[in-house]
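**Q** sequence unavailable; structure follows:
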């Protein structure tokens, strides 16, 4: 029992321990290797890190729920790009321009709705056809990206609204706007997954769908709601990021789905569903961003970053497997 | 005994896992040409002992001797090379491959440049199949075979080497009686060749039919070895659980209430037809029959998992339409399913969450689930059903089968159902917990619940039911009250045999389905 609890603590705490190791390593290595004379753990640097974690982070939080539920969503990168275009393009429409700064909430609303609708389309297909979410969202990933190119051509969509830029660059209690969105999303989703009926049922469906059906749980609507949610969150991520940058390239958001899955898995959520935690995903997101920043800090070439992250991901999963296998053996006595 | 060298000996095996002494000085041996049963409740250490033998676990103390040669086992593959072969309960076959490819999987005969020698492969396989006396050939796709024949393929795998000892782990779990006879013939043939057989099973009647000796483990300890011809079921059971199991006929009768559930002419395609019965409050109605007799399918239809093609379901006299489990639950029909782990429980969730799963919607305070309300329900049914768990946080997958089953039952009782359907109430549950579940079912009936029990174990059906419906090939053959039922007329009914005829082979004890 104590051993099981110890192992449990290790599993939940592992990602945070890993973050501490990263911090220590880059701080010490930075003393010798860094070209800048700023310390790695400089306060502003850390604040910036959180802000930079936000775009993929917000999506990864949504992906956690989707994966706990036993699905996956590969279309989030394309949803992200499409929502960004709606955000920036809509602000150039004469009707909205005439409204002055009131155009901003309207543009936000349109972009967020776009994401939710795209998610709903995914969810509806998964629910009504019973086709695997992997296949459905692989298709919609291509389809939504196709829409991006149809609307945009190869050109970027640009529109800078300075009120919006000011809002996006603002800091409240030291944290950037994007960081606030990341943390508040995490809080809301954590509450949803741990305290609400929907969260409970999402875990149950992911862990054993048949037993969930036999307990009278409506599997379809729960899955649908999660897809709407992740679409909304992909759009939220876009809205937060592009309010500041003001320009979308048609290829933006590519591979976001895989980075999100990476962060989720690094945080210990299982691909097979039924197990995982929002807070650990937040850890996974921060760990990846730390690694990118840290490698840059000690002067490693940017090309090496992906290689290192890939190796670490595999190492982490190997470790996880070992821990889990031990657990299974103990059960079978 | 003296003079004959055992083909296989395990001596003084000790194996500890963190916090548990799984095997404590266990010794066991098999003589050539002997069928030696290994018995014990779930958790007694049988599978750990076999894992030690197969090299999956290394013993902390003790040794393994093959013939007279001390051997360190490192893997099931190495064990096989030494002539010790395992035939597992779960089949591990590749459905899309041929029988031959499955039997020689991993050791296909090769020609030059790594090409498969198909001719030799098929010839060797057919030779093995001949000794097994089966009706299919080496080229058959395994997925097209019946479960029983797939098991023969699994046995065929063991015969690619000259085995000295073969371990059968619950081999009859999914076989019909006719198929069992074939299996026992194969075992007898192996026996005649001087192969030592270790036979792991819970089924007494098989044990007494084919084994020479019985070794019993309890709590990881060796409890003794009995000569089968000189012992009886009671003695073995007592050795296994430390007391004897009561499976006498149900004699307790209490007053019955109104008709809770009535089924008229219910049918579902080819699965079952024209099923009618009425179930009163306080009554336990048993369903008994062979594999494919349609018992589970009736339960699934009543629970909304299947759509009936004919007939009516009436609850308290009113016709209802049940098209999903949600409807069934709303009407107060609950199902404790046959396959607890895949259909009944969310194994990765804790005890409390499993128990409140169907009603968590109603346990909210504001937007959130109320912890207190949930724990109150869990505590109530933990005490009521005597569920042994360290606390509600315990993950259900870590509980014993008996306690898991009580969680499922508690889940439905907390919904205050009108009708409780229990499909195979004690499947995979150890002997000690069986009688607890039986008593629980009787107690529920005494409290006025209307209960349907589907079971493949005749003693169980006879023990808990007030009335028994015998099914054969999707039809109700006969309905018995507990006064008029006998083992003989029940067997005749479920075999589709009319009055007067007697079965050739006396079947007693368990059926499965």
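**A** Yep, it's here. None of these values were measured; they are calculated from a predicted model.
**Q** now do the strands in the stretch 151-300 of chain A.
**A** A:157-158, A:171-172, A:175-176, A:247-248 (DSSP state E, counting those that start in this stretch).
**Q** same check, this time on the stretch 301-450 of chain B
**A** B:310-315, B:318-320, B:333-336, B:364-365, B:368-369, B:419-423, B:450-454.
**Q** tell me the average confidence for the next helix or strand after the last one?
**A** Tracing the chain past strand B:450-454, the next element assigned as helix or strand by DSSP states H and E is helix B:458-464. Along helix B:458-464, the predicted confidence averages to a pLDDT of 87.
**Q** figure out how far helix B:458-464 is from the centre of its chain.
**A** 16 Å (C-alpha atoms, centre = their mean, to the nearest Å).
**Q** pull out the buried residues from it.
**A** B:458-464 (16 or more other C-beta atoms under 10 Å in any protein chain shown). Every residue, glycine included, has its C-beta placed from N, CA and C.
**Q** and of the strands of the stretch 301-450 of chain B, who's closest to chain A?
**A** Closest to chain A of the strands of the stretch 301-450 of chain B, according to C-beta to the nearest C-beta: strand B:368-369, at 4.0 Å.
**Q** wondering if that closest one reaches chain A at all.
**A** Yes - counting by C-beta under 8 Å from any C-beta of the partner chain, chain A is contacted by strand B:368-369 at B:368-369.
**Q** can you redo the strands of the stretch 151-300 of chain A as TSV with mean pLDDT and mean neighbour count?
**A** Listed next are these as TSV, based on pLDDT from 0 to 100; neighbours: other C-beta atoms under 10 Å in any protein chain shown:
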stretch	mean pLDDT	mean neighbour count
strand A:157-158	88	18
strand A:171-172	88	10
strand A:175-176	92	18
strand A:247-248	91	20
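**Q** to residue B:282, which of the ones you listed lies closest?
**A** strand A:175-176 (64.6 Å; C-beta to C-beta).
**Q** quick one, phi psi at the closest residue to residue B:45 other than its chain neighbours?
**A** The shortest distance from residue B:45 to any non-neighbouring residue, by C-beta to C-beta, 6 or more residues apart in numbering or on different chains, is to residue B:220 (4.1 Å). Residue B:220 has phi and psi values of phi 80, psi 0 when expressed as degrees, to the nearest 10.
**Q** so residue B:220 sits against residue B:16, correct?
**A** No - contact criterion C-beta atoms under 8 Å: residue B:220 and residue B:16 do not qualify, at 9.2 Å.
**Q** who touches both of the two?
**A** residue B:22 (C-beta atoms under 8 Å, 6 or more residues apart in numbering or on different chains).
**Q** what residues does the most centrally placed residue in chain A make contact with?
**A** For chain A, residue A:60 is the residue whose C-alpha lies nearest the centre (C-alpha atoms, centre = their mean; 1.8 Å). The contact partners of residue A:60, by C-beta under 8 Å, 6+ apart, come to A:259-261, A:263-264, A:281, A:284-285.
**Q** what do you get if the cut-off is 6 Å, keeping everything else the same?
**A** A:260, A:263-264, A:281, A:285 (C-beta atoms under 6 Å, 6 or more residues apart in numbering or on different chains).
**Q** go on, residue A:232?
**A** A:112, A:115-116.
**Q** in helices only, show me these.
**A** Here DSSP state H is the test, and these give A:112, A:115-116 as lying in helices.
**Q** among the contacts of residue A:60, who's most crowded?
**A** Neighbour counts for those (other C-beta atoms under 10 Å in any protein chain shown) peak at residue A:260, which has 35 neighbours.
**Q** pretty sure it sits against residue A:63.
**A** Yes - using C-beta atoms under 6 Å, residue A:260 is in contact with residue A:63, at 4.4 Å.
**Q** just put the strands of the stretch 301-450 of chain B in JSON lines and tack on distance to residue A:178.
**A** JSON lines is the format used below for the strands of the stretch 301-450 of chain B (distance: least, C-beta to C-beta, whole Å):
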{"stretch": "strand B:310-315", "distance to residue A:178": "57"}
{"stretch": "strand B:318-320", "distance to residue A:178": "54"}
{"stretch": "strand B:333-336", "distance to residue A:178": "49"}
{"stretch": "strand B:364-365", "distance to residue A:178": "33"}
{"stretch": "strand B:368-369", "distance to residue A:178": "28"}
{"stretch": "strand B:419-423", "distance to residue A:178": "54"}
{"stretch": "strand B:450-454", "distance to residue A:178": "58"}
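**Q** which stretch in those is the model least sure about?
**A** strand B:364-365 (a mean of 88).
**Q** and it, how far out from the chain's middle?
**A** 40 Å.
**Q** now do the same contact list for residue B:174.
**A** With C-beta under 6 Å, 6+ apart, residue B:174 has these contacts: residue B:147.
**Q** that one: what secondary structure?
**A** In three-state terms, and counting by DSSP: H, G, I helix; E, B strand; the rest coil, residue B:174 is coil.
**Q** if we can go back for a sec, so which of the strands of the stretch 151-300 of chain A comes closest to residue B:418?
**A** strand A:175-176 (55.9 Å).
**Q** direction included, what does the closest one pair up with?
**A** strand A:171-172 (antiparallel) (DSSP bridges).
**Q** which residues of the stretch 101-250 of chain A lie near chain B?
**A** Within reach of chain B by C-beta under 6 Å from any C-beta of the partner chain, the stretch 101-250 of chain A has these residues: A:195-197, A:200, A:204, A:207-208, A:210-211, A:214-216.
**Q** which of those residues sit farthest apart?
**A** A:195 and A:210 (25.5 Å).
**Q** point out where the chain drops to low pLDDT.
**A** Chain wasn't specified; assuming chain A. Low-confidence segments of chain A (pLDDT under 70): A:1-11, A:35, A:323-333.
**Q** looking at chain B here, not the other one
**A** Looking at chain B by pLDDT under 70, you get B:1-2, B:18-20, B:42-43, B:243-247, B:250-252, B:497-513.
**Q** what's the domain layout of it?
**A** When chain B is parsed with automatic domain parsing, its domains come out as B:8-241, B:245-332+B:422-513, B:338-416.
**Q** let me know which of these is the nearest to residue A:176.
**A** The nearest among these, by C-beta to C-beta, is domain B:338-416 at 28.8 Å.
**Q** what's the end-to-end length of that closest one?
**A** 21 Å (C-alpha to C-alpha, to the nearest Å).
**Q** so how far is that domain off the chain centroid?
**A** Computed by C-alpha atoms, centre = their mean, the chain-centroid distance of domain B:338-416 equals 23 Å.
**Q** all helices of the stretch 101-250 of chain B, in order?
**A** In the stretch 101-250 of chain B, the segments counted as helices under DSSP state H, counting those that start in this stretch are B:118-132, B:147-158, B:177-192, B:204-210, B:233-241.
**Q** pull out the buried positions in the second one.
**A** Looking back up the chat, that one is helix B:147-158. B:148-158.
**Q** how far does that helix sit from its chain's centre?
**A** The answer for helix B:147-158 is 19 Å, by C-alpha atoms, centre = their mean.
**Q** can you list contacts of it?
**A** The contact list for helix B:147-158 (C-beta under 6 Å, 6+ apart) reads B:85, B:87, B:91, B:93, B:99, B:102-103, B:128, B:132, B:134, B:166, B:174-175, B:179.
**Q** what's the most distant pair in those residues?
**A** B:128 and B:174 (21.9 Å).
**Q** residue contacts, residue B:408?
**A** So residue B:408 contacts B:336, B:344 (C-beta under 6 Å, 6+ apart).
**Q** please report how far it lies from residue B:291.
**A** According to C-beta to C-beta, to the nearest Å, residue B:408 and residue B:291 sit 23 Å apart.
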